[in-house]
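> Please find the sequence and the predicted model below.
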Amino acid sequence: MKSLLLCLLLPFAFQEHTYTVGEVMRHARQLHNDSAVVQITGYVTRKLRDNNYMFEDRTAEIQVDIDPKYLPKTPFTDKDAVTIKALVQYEINKPITLKVSQPVSND
């Protein structure tokens, strides 16, 4: 009986929740403490310096650190929606940032 219940509930355990930038900013402390990988969809609007970019969706904007190895092979513009999976970096009195941990997809 336990194994049947486990088989039924297992698919729900691995479903990824897509966050908005606003949700990430509101829950940054908890997401940072949980070391949770968040998935967000939006637009990379500009390059700030080195590997830092400004990312935004309809709710807010946030800085993301994208290592060049995680950038997509095909170029994209600020009009192309991209999905990133990143770790939340939260420190008191510093801006909330995201560190991309998986390849950026521009489907």
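Received the coordinates, thanks.
> For this structure, just list every one of the strands.
Secondary structure of the chain by DSSP state E: the strands cover 18-19, 37-49, 52-56, 61-65, 82-89, 97-100.
> Out of these, the one nearest residue 73 is which?
Smallest distance to residue 73 across those (Cβ to Cβ): 12.9 Å, for strand 82-89. Quick note: C-beta positions are derived from backbone N, CA and C, even for glycine.
> tell me the mean pLDDT over the closest one?
Across strand 82-89, pLDDT averages out at 95.
> how far is it from where the chain is centred?
2 Å (Cα atoms, centre = their mean, to the nearest Å).
> what's the answer for stretch 65-85, then?
Relative to its chain's centre, stretch 65-85 lies at 12 Å (Cα atoms, centre = their mean).
> Likewise for stretch 92-107?
Distance of stretch 92-107 from the chain centroid (Cα atoms, centre = their mean) equals 5 Å.
> buried sites along it?
96-98, 100, 104, 106 (16 or more other Cβ atoms under 10 Å).
> just stretch 76-84 next, same as before
82, 84.
> From start to finish, how long is it in a straight line?
Start and end residues of stretch 76-84 are separated by 13 Å (Cα to Cα, to the nearest Å).
> before we move on, back to that, mind putting the strands of the chain into TSV with distance to residue 26?
Formatted as TSV, the strands of the chain follow (distance: least, Cβ to Cβ, whole Å):
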stretch	distance to residue 26
strand 18-19	10
strand 37-49	12
strand 52-56	16
strand 61-65	12
strand 82-89	11
strand 97-100	14
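> Right, I'll leave it there.
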